[in-house]
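Provided below for reference: sequence and predicted model.
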Amino acid sequence: KKYWWNYTRSRSLKRLIDLAIEQNHTMQKSIEKIKQANAILGAASGQNYPRIDGSYIPARVEISDLDPVYAAGFPRPTNAQTLGLSTTWELDLFGRIRREKEAAQANYEAQEQRYFLTKTILISRVAKEYIKFRITEERIDLTKKYIKALKKTLNITYKKFKAGKSTKLDYLQSQIELSRNKAYIPKLEVVRSARLSALAVLLGVYTKDLEKLLDKRTAKLPEIHRFKVNKLPKDIIRLRPDIIMAEKSLAAATANIWIKKSDLYPRLALTGSFSYAATSGTDLISDETNAWSFGLPIKWNLFNGFITKSQISAAESNAREKIISYQQKITEAVNEINQNTLEYERAFDRKALLEKAHKESVESYKITSELFKQGRTNFLTVLESQRTTFLAANELLTEHMNMFLTGVDIAKSFAVGWGYIPD
């Protein structure tokens, strides 16, 4: 399938996302919430059918001396056994059961969208943490290469100093620059460990197990597929799980209004029972011991201290709140898309300029190094050129990370964070 993370040139990232979807604790809780909502939906749907209860009651009965049954010569104490069936079937004349089912269905669908939203956020977080982790590793390698170059420069300045062709200041400045960058390595190692721990938490694994899943540092940095934003459908915003979830929450709140309003009307039900009652088990099932009943009870709450009207008002207010939340989600989504689109388009321009700057800084360093060996420029120029090359490479790494992060945000904004890459 054309999921965007399958086109990042990173096998590790694909493995990590698959593992996160399977093992992340938040994802597992979202799945359980879907199961709970489905069970509630099943319970709401079950109200459409009659309820049938069976009973068997064996008992030992002592009758009062003043009871007229005893006066007629009924034995005491005596055994009593009752076996029967009873049923109740509420007639949904005013739509209470239908609305409860609608509310449960909407809540179930909202939980499904919550799962997709959780999945979208999880995928983006894993991708972001992974690129930050890989950029940190690249920075460690870059700094080590810079340190190696500084050692060579230090060796040259030392020889020049001993030969009287350079001052001790040049040597000391070279030594200071080397020490400063050596001290940067432990800090980067701590950052790397923190990024690894953040990834492990998202995946629900321990860091020692996560290390085995990652490619070696020789692997290429992941690059996100470039989306053609202008070719995306205009109504793609409606595919966002947070928007759909807001719609379903509004539908559930609307149904809840009619559930509360149904309490203003009477409830009707069909009831019936059939039973046997006797003093011994051998005589229990016979024509003489059976009894039955059939009825149409009506229950109507005529006054309850305005509780029902207050509940209706609360339900209507809740529905209005859901409308406001839906409108807010739409506004936030549109603004998020606009901002991410702008950042996404500008990121490619920035990276192109920084690649050019890095290439020029490398060329400049080569020229100044050669001039310094020939004694045609001072050491500060060489040191500055060397530092500029290192900083340009660092900026290029930062921009690569920012471009990847922006690409992840644009995928999430357009609801393709868990779907397909738009052609």
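Arrived safely, thanks for sending.

Run through the stretch 51-200 of the chain and note the low-pLDDT ranges.
Under the criterion pLDDT under 70, the flagged ranges of the stretch 51-200 of the chain are 64-76.

Which residue ranges of it form strands?
Listed in chain order, the strands of the stretch 51-200 of the chain (DSSP state E, counting those that start in this stretch) span 51-61, 78-91.

cool, the stretch 251-400 of the chain as well?
Shown for the stretch 251-400 of the chain, the strands assigned by DSSP E, counting those that start in this stretch span residues 267-278, 290-295, 298-299.

Determine which stretch of those is the most buried.
For the strands of the stretch 251-400 of the chain, the stretch with the most neighbours on average is strand 267-278, a mean of 16; neighbours defined as mean count of other C-beta atoms under 10 Å. Where C-beta positions appear, they are placed from N, C-alpha and C, glycine not excepted.

Asn24 contacts Gly204, correct?
Yes. With contact defined as C-beta atoms under 8 Å, Asn24 counts as touching Gly204 (5.4 Å).

The two - which one has more neighbours?
Neighbours were tallied for Asn24 and for Gly204 using other C-beta atoms under 10 Å; the higher tally belongs to Asn24 (22 against 15).

Packed most tightly, which of the strands of the stretch 51-200 of the chain would that be?
With neighbours taken as mean count of other C-beta under 10 Å, these reach their highest mean count in strand 78-91, at a mean of 15.

what about it, distance to the chain center?
With C-alpha atoms, centre = their mean, to the nearest Å as the basis, the distance from the averaged C-alpha position of strand 78-91 to the chain average is 50 Å.

got it, and stretch 88-98?
Between the mean C-alpha position of stretch 88-98 and that of its chain there is a distance of 37 Å (C-alpha atoms, centre = their mean).

and the end-to-end length of it?
The distance separating the two terminal residues of stretch 88-98, taken as C-alpha to C-alpha, to the nearest Å, comes to 17 Å.

Make CSV from the strands of the stretch 251-400 of the chain and add mean pLDDT and distance to Ala104 to it.
Below are those laid out as CSV (pLDDT from 0 to 100; distance: least, C-beta to C-beta, whole Å):
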stretch, mean pLDDT, distance to Ala104
strand 267-278, 90, 19
strand 290-295, 90, 29
strand 298-299, 91, 23
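
can you redo these as TSV with distance to Lys33?
Output for those, formatted as TSV (distance: least, C-beta to C-beta, whole Å):
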stretch	distance to Lys33
strand 267-278	31
strand 290-295	41
strand 298-299	34
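
for the strands of the stretch 51-200 of the chain, which one sits closest to Leu13?
If you check each of these against Leu13 by C-beta to C-beta, strand 51-61 wins as the nearest, at 53.4 Å.

Which strands or helices does that closest one pack on?
Using 3 or more C-beta pairs under 8 Å, 6 or more residues apart in numbering; DSSP states H and E as the contact definition, the elements that strand 51-61 packs against are strand 78-91.

Which residue ranges of the stretch 301-423 of the chain form helices?
307-373, 379-413 (DSSP state H, counting those that start in this stretch).

deepest of these, which one?
Per-residue neighbour counts averaged over each of the helices of the stretch 301-423 of the chain give the maximum for helix 379-413, namely a mean of 20 (mean count of other C-beta under 10 Å).

by how many degrees do that one and helix 307-373 diverge?
Using axes from the mean of the first three to the mean of the last three C-alpha atoms, to 10 degrees, the direction of helix 379-413 lies 150 degrees away from that of helix 307-373.

Could I get the average pLDDT for helix 379-413?
Per-region confidence: helix 379-413 scores 89 on mean pLDDT.

helices or strands next to it in the packing?
helix 96-162, helix 168-203, helix 307-373.

hmm, who's touching the helix or strand where Ala37 lies?
In this assignment (DSSP states H and E), Ala37 forms part of helix 25-46. When contacts are taken as C-beta atoms under 8 Å, 6 or more residues apart in numbering, the neighbours of helix 25-46 outside the stretch itself are 20-21, 97, 100-101, 103-105, 107-108, 110-112, 114-115, 118-119, 122, 204.

rerun at 6 Å
Counting contacts by C-beta atoms under 6 Å, 6 or more residues apart in numbering, the residues outside helix 25-46 that touch it are 100-101, 104-105, 107-108, 111-112, 115, 118, 204.

sorry, back to before: could I get the helices of the stretch 301-423 of the chain as JSON lines with distance to Leu154?
Formatted as JSON lines, these follow (distance: least, C-beta to C-beta, whole Å):
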{"stretch": "helix 307-373", "distance to Leu154": "13"}
{"stretch": "helix 379-413", "distance to Leu154": "10"}
